[in-house]
Each structure stands twice: as C-alpha cells, then as structure tokens.
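Undergrad: everything below, folded, please.
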Amino acid sequence: MSSWLKTEVARSVPFDNVGNDYDAENCQDALEEIDFRQLRKEPTGFPNNTDSTIAFDDGALTFSITPVGASFDFWYRGKGYTKTSVDSVVITDTEGSWFIYYNSSGVLTASQSVWSFETDAFVAVIYWNATNNEAIWMLDERHGLVMDWKVHQYLHRTRFTQIDDPYTDFILGDYISEGDGSLDTHAQLSIGDGSIHDEDLLHAITNDATPTEPFEQKLSTTAYIPIYYVSGTDDVRVVDATAYPVIWDGVNPIQYNKLDGGTFSLDYASDGDYMNMFIFATNNIYEPIVAIAGRVASDNVAAVINEESDDVLEEFPFQEYVLLYRIIFKTDSNFTNEPKAAMYLFNDLRYLSDIQDRYLWECGYNANAGSGRYMERLGLSMDEAPFPMPEDGYLRTVTIQTTASNTGVMGLYLIGDLVNPVTTLSLSDESFKRFDLAQFFSQDDKLVFKVYSGTFSKPQVTVINQTDIET
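TA: Residues are numbered from 1 along each chain as shown. Coordinates of the predicted model:
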C-alpha cells in the first residue's frame, strides 16, 4: 500500500481528543501533534494567572495555589493538567529563598535549589525569615504558555524586569526636598500607579488605602513602603511599612545598613548625616513597592551620592525589580518631626537602561577664576579653552559637587552657544551644591562650565552621578 493511502487511512480514523489536551480529530494529525510536542517540549506554564490565587501561611509553613472558580490549568512540556481543588506544599523552617514549581509529574514542589527553565513550571518564590518565622516576600512567577523556556531564560538573564512607561508610571509626588526636619511631611512622599513587565507577565501596581488584592498598596497621598536590609552575612530582613520610608524610632537619627568586616547590621547614623533609600517596583504580590536601605551614612553628601544601587543588591536573591528612585535623607536627633529625618534630594532612575552611564568626572581651575573663564580638565594645561564634558546625543541628569570660596555664579553652556547658559548655579562658600538637568544634545553639542559672574578661588567641579538615555 502506498504511503499516500496509509496517510489517508490514518486521517480517516477518528481521534477522540476529549480530556487529553490534544487538538487533533484524526489519528494522523494526532501522531503529528504528539511528535511536534515531543520535539518542542512545549508549552509550559499557565494559560492565565487569573483563574488561580497564590498564598502562604506563615504558621503552617504552607504555600497554596487555589482555583478561583471550579478549576485552573497549567501545562508541563506539552502536557496539560487541571486542578479542581487547593494544591499545597510545605517548606521547612530554613532561612532563604524557596522556589515553588510544578515538576514533571505535575506535583507542586518546593526547593531551595534554583529551578530549571527547561524542566520546571514556575509558580512563585518565597523568602523565609527563619528567625522571625515569616515569609517576607512572595513573588508571582505564573508565566504564560506563549513564551518558550529558552526565550524565557534569555529575557530573565538579559532584560530582567522593565517598567511599562518610565515617563508616566510611578511618578514621585507629595514630597518636600531640603526641608529642615520641622514637619512630618519633610520625610514623606507618594508614588503614582504604574506597571512592570516580568518577561510576559504585566503587573499593574495600584494605590489602595486598604489593600486586599495582589499588587495593591497604600501609595498616596502618603506612601507606606517596607524597607529591606541585610543582617549577618546574607540574611534578608524587612522593616514594616510606615508613613516614612526610613528606619526610625522617633528619638535617634535614622538607621542605615552598616557593613563592618563582612557582617551587616542596622546602625544609627550620626546627627547631620545623609543616607540613601533605593526605591524599587517588584513582583512581590503583597507590597510591590519596596525600599532597600543604603550602606553609607556620612556628613559628606558626595560620599552618599557615590553609593550605587548595585552595591545594595548583591545580597538580594531576586531579579524581578525595577529601580525607580534614589532618595537621600538627612537626619538629626534635633529635628522636631517624628522620624528625625528630611528628604534632601532624589534621583529619578526610572529611565535607566543597558546604556546607562555613571562615572566620576572632574574639572577645575589652576588659579583664581573670574567672569568668563572656562573650566579646565584637572591636570591639563587648557587655559581659557572650554573643556567639554564627555559624550553627546544624550538626555542627561547631572549632580555635581563643588568646592569654592568667595561668591559667584557658575554657568553651564552648550559648546555651540557659549553666550547663553543652559542653567546657572549660585555658589557662596559652599562645599556642596547640586542641580538636576534634563537636556537634549545634538550630535556635535557638548556641555562646558564657565564662570558666569563673580570671582572664585581655585574652584573645582566634580560630576559624581550621571544618568544617560540615548535619544
């Protein structure tokens, strides 16, 4: 018999696809579909994350996934499973991350070994604090069916989590910068609604005064943000959210996450010190907007600005986050507001991407400088010649540190127009002055510093933080 006749005979034999997750209606198509699924080992994941809910019971050490209606479905490498009741798994009382997934037999599993993109159907990640007997975060990992495991792995390791629209999402509001610590509002803020992409998952984070649903959080008009820090060598801990995104007791200066000899702890800053709080959006379903405490406290704000977000993330075992803001607080036990803190300044970091740039760049004068004199590259002889800041074609946010005596105004100019400053900076015997600049540059335009008015005694300017986005 010819192969054509065999195929026709096979196609003429009905195939019962009810309840077995196949689409074929005849035996020939069923064989081809089975062969194709065996070749691809797909799909793996959930058709959606709306027909199930996830939860963790601290007292019972139990993770559960529950149907919203009669059932929920998930797939494992081309085989579909239907769950009609609560599915649960118990972890041990062991510190650290727990990876929750469905294995090759469709069994809900918990392990402290990192899961495999190729062989596991992800469900959630729990971090268990064995000292305080609590899960301090639960990350939603119920990814969909369209994305294959290889693409999922690539996106996870290279693109991480992305903000949906950095120009409109998670806008910082209701803050007062450079307050004197006399009002509670000097240490408060709000954060607008926004969305993040964790590969194929889109999580919409919304404000709610009394959160009950996943990804709801009190964010306005005063944001309540939990603060994470490291204890010991690598144990992650959290301070419950309050009306102030700092670690405070109402008597002493606020605390920072001190690192001493490889051991982390919370320690009080000194009166007059500055410290960082880094604000992130995450896929933590209970409190998705979180803060991580900085590890530097200093009365030199330049030292605090010089701390990078990567420095505080080394001990945090997750990648599903988007960096939103660096907020610098000043603290003093003599402040009269409740937290003994006041926001000094913030950096908007929502626009950071793979082409971000952060570097130290210095210019200055070898002698006294009067009106009209350009800044020189330190160590070089460039008298009266403008020295341009490196790079071009970027939207740039600049924070500078300057030392100067006497009084005057420094101007920042485009090299194509050395008459009209883009912005000016007034200085009066100050060891630090900062400003933010958002300026588009053409291909040939660069920035230079020049004395706009007054007289300075050997001033120097240090660009210590710069964020770029290619235009």
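Undergrad: quick check, residue 83 in contact with residue 67.
TA: Yes. Counting by CB atoms under 8 Å, residue 83 touches residue 67, with 6.4 Å between them. All C-beta spots, glycine's among them, are computed from the backbone N, C-alpha and C.
Undergrad: what's the overlap in contacts for these two?
TA: Common contact partners of residue 83 and residue 67 (CB atoms under 8 Å, 6 or more residues apart in numbering): residue 52.
Undergrad: can you give me the end-to-end span of stretch 313-327?
TA: 16 Å (CA to CA, to the nearest Å).
Undergrad: let me see the mean pLDDT of that stretch.
TA: The pLDDT scores in stretch 313-327 average 84.
Undergrad: how about stretch 154-163: buried residues?
TA: Neighbour-count burial for stretch 154-163, counted by 16 or more other CB atoms under 10 Å, picks out 155-156, 161, 163.
Undergrad: out of the residues you listed, what pair is the most spread apart?
TA: The two members of the buried residues of stretch 154-163 with the most space between them (CB to CB) are 156 and 163, at 16.5 Å.
Undergrad: now do residue 450 against residue 114, distance only.
TA: To residue 114, residue 450 is 54 Å away according to CB to CB, to the nearest Å.
Undergrad: with neighbour numbers in mind, choose between these two.
TA: Shown here are residue 450 and residue 114; by other CB atoms under 10 Å, residue 450 has more neighbours (17 against 11).
Undergrad: does that one count as helix, strand or coil?
TA: Following DSSP: H, G, I helix; E, B strand; the rest coil, residue 450 is assigned to strand.
Undergrad: I figured it hits residue 372, correct?
TA: Yes. Residue 450 is within contact range of residue 372, at 6.8 Å (criterion: CB under 8 Å).
Undergrad: OK, contacts around residue 70?
TA: The neighbourhood of residue 70, defined by CB under 8 Å, 6+ apart, consists of residue 84.
Undergrad: report pLDDT for residue 42.
TA: For residue 42, the pLDDT comes out at 77.
Undergrad: which residues are in contact with each of residue 450 and residue 372?
TA: By CB under 8 Å, 6+ apart, no residue touches both residue 450 and residue 372.
Undergrad: can you give me the helices in this structure?
TA: Secondary structure of the chain (DSSP state H): helices at 3-12, 27-40, 149-158, 301-305, 309-313.
Undergrad: care to break the protein down by domain?
TA: Split into domains by automatic domain parsing, the chain comes to 3-40, 52-151, 163-348, 361-470.
Undergrad: looking at the ones you listed, spot the one closest to residue 46.
TA: Taking CB to CB, domain 52-151 is the member of the domains of the chain nearest to residue 46, at 4.6 Å.
Undergrad: quick check, distance from that closest one to the centre of its chain.
TA: Remark: domain 52-151 is offset 23 Å from the chain centroid, using CA atoms, centre = their mean, to the nearest Å.
Undergrad: what's the end-to-end length of that domain?
TA: Using CA to CA, the end-to-end distance of domain 52-151 comes out at 24 Å.
Undergrad: what residue ranges in the stretch 201-350 of the chain score low on pLDDT?
TA: Where the stretch 201-350 of the chain drops to pLDDT under 70, the residues are 302.
Undergrad: okay, strands next: where are they in it?
TA: Secondary structure of the stretch 201-350 of the chain, counting by DSSP state E, counting those that start in this stretch: strands at 201-207, 216-217, 225-231, 235-242, 255-260, 263-268, 274-282, 289-298, 321-331, 341-348.
Undergrad: can I get the fifth one in PDB? Just the C-alpha atoms.
TA: Backbone C-alpha positions of strand 255-260 (Å, rounded to 0.1, in the frame of the first residue of the first chain) are rendered in PDB as follows:
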ATOM      1  CA  GLN A 255      19.400  53.900  60.700                       C
ATOM      2  CA  TYR A 256      21.400  52.600  57.800                       C
ATOM      3  CA  ASN A 257      22.600  49.100  56.800                       C
ATOM      4  CA  LYS A 258      26.100  49.200  58.100                       C
ATOM      5  CA  LEU A 259      28.700  46.700  56.700                       C
ATOM      6  CA  ASP A 260      31.600  46.000  59.000                       C
END
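Undergrad: measure residue 334 to residue 10 for me?
TA: 87 Å.
Undergrad: that older thread, which of the domains of the chain sits most buried?
TA: domain 163-348 (a mean of 19; mean count of other CB atoms under 10 Å).
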